[in-house]
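Asks: Output the structure for:
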Amino acid sequence: MRDYLPRGAPARTALVAALVLIAVLAAWSGWRAWQLRSGATEIAGAGLLGGDFALTDQHGDSRRDSDFRGRFMLVYFGFVNCPDICPATLQVMSAALDRLGEDAERIAPLFITVDPVRDTPDALKAYAANFHPRLVALTGDQAAIAALARAYSVYYDKAAGGDATDYQINHSSIVYLMGPDGRYLTHTDASASPEALADAIRAYL
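Replies: Residues are numbered from 1 along each chain as shown. So this is what the prediction gives:
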């Protein structure tokens, strides 16, 4: 059988394949480096995150997700008695909004409790006063909070030890940016700086 493959073609093919692989790995490494710098994390099925809610804010008013249509939502789940990660993250959110200047008016910062038993509207009102003045703090019954946490792929669970009123909650710490239509856009984790979070938001404004 006549061999129509030019001499040296296998070597050239192998070289091209190797170069393509190197390019793909370089692109992935660059993307992953950006993720680490920006504080982004990977979430499976991220495009499906979010959902409807009917909760109560720190002033005792009923609030629905539809109340925020037309604005971006910056969403964080935590709880009032969280000793460190929650207040630190809410401070980062507040500082990021300050960095955005007038553009921050297009964003609704939301803090959703994962401890609805203790985090009453009054408790949330006192807590929210420590952060951005437009922060909306939300609570609800346990079923509503659990359903919304699932919709955002948020993990939370009461830590071992403690009693009925004095306990801690283990939970994931992710800040979600949702679009004016309520759809997921991007997220950062607790390691993000105010600058990184502001840059992530600004990219969608």
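Asks: Might one say that residue 65 is in contact with residue 53?
Replies: Yes. Assessed by Cβ atoms under 8 Å, residue 65 is found in contact with residue 53 at 5.1 Å. (Each C-beta comes from the backbone N, C-alpha and C, glycine too.)
Asks: Would you mind pointing out the helix or strand residue 56 falls in?
Replies: In the assignment (DSSP states H and E), residue 56 maps to strand 54-57.
Asks: Kindly report the domain assignment for this structure.
Replies: 1-38, 46-202 (automatic domain parsing).
Asks: taking the mean pLDDT, what do you get for the first one?
Replies: Okay, so that is domain 1-38. Domain 1-38 shows a mean pLDDT of 41.
Asks: So that it lines up with my notes, have the first residue be 604 from now on.
Replies: Okay, residue one is now 604; in that scheme the one you just asked about reads as domain 604-641.
Asks: picking up where we left off before, list the helices and strands the strand holding residue 659 packs on?
Replies: Applying 3 or more Cβ pairs under 8 Å, 6 or more residues apart in numbering; DSSP states H and E, one finds that strand 657-660 contacts strand 665-667, helix 724-731, strand 739-742, helix 745-754.
Asks: who's in contact with residue 793?
Replies: Neighbouring residues of residue 793 by Cβ atoms under 8 Å, 6 or more residues apart in numbering: 642, 688, 691-692, 695, 776-778.
Asks: When you filter those residues down to buried only, what's left?
Replies: 642, 692, 695, 776-778 (16 or more other Cβ atoms under 10 Å).
Asks: Which ones among these map onto strands?
Replies: In strands, defined here by DSSP state E, the members of the buried ones among the contacts of residue 793 are 777-778.
Asks: nearest to residue 757, of the buried ones among the contacts of residue 793?
Replies: Residue 757 lies nearest to residue 777 out of the buried ones among the contacts of residue 793, by Cβ to Cβ, at 7.1 Å.
Asks: From residue 796, how far off is the closest one?
Replies: According to Cβ to Cβ, to the nearest Å, residue 777 stands 15 Å off from residue 796.
Asks: count of residues packed around residue 703?
Replies: Neighbourhood size, residue 703 [other Cβ atoms under 10 Å]: 18.
Asks: so it sits right up against residue 710, yeah?
Replies: Yes. Contact criterion Cβ under 8 Å: residue 703 and residue 710 qualify, at 7.2 Å.
Asks: shared neighbours of the two, anything?
Replies: Applying Cβ under 8 Å, 6+ apart, one finds that residue 703 and residue 710 are jointly contacted by residue 804.
Asks: All the helices of this protein, residue numbers only.
Replies: 612-641, 688-703, 724-731, 745-754, 797-805 (DSSP state H).
Asks: Now do the contacts for residue 750.
Replies: Counted by Cβ under 8 Å, 6+ apart, residue 750 has contacts residue 654.
Asks: Apply 10 Å and report the result again.
Replies: By Cβ atoms under 10 Å, 6 or more residues apart in numbering, the residues touching residue 750 are 654-656, 743-744.
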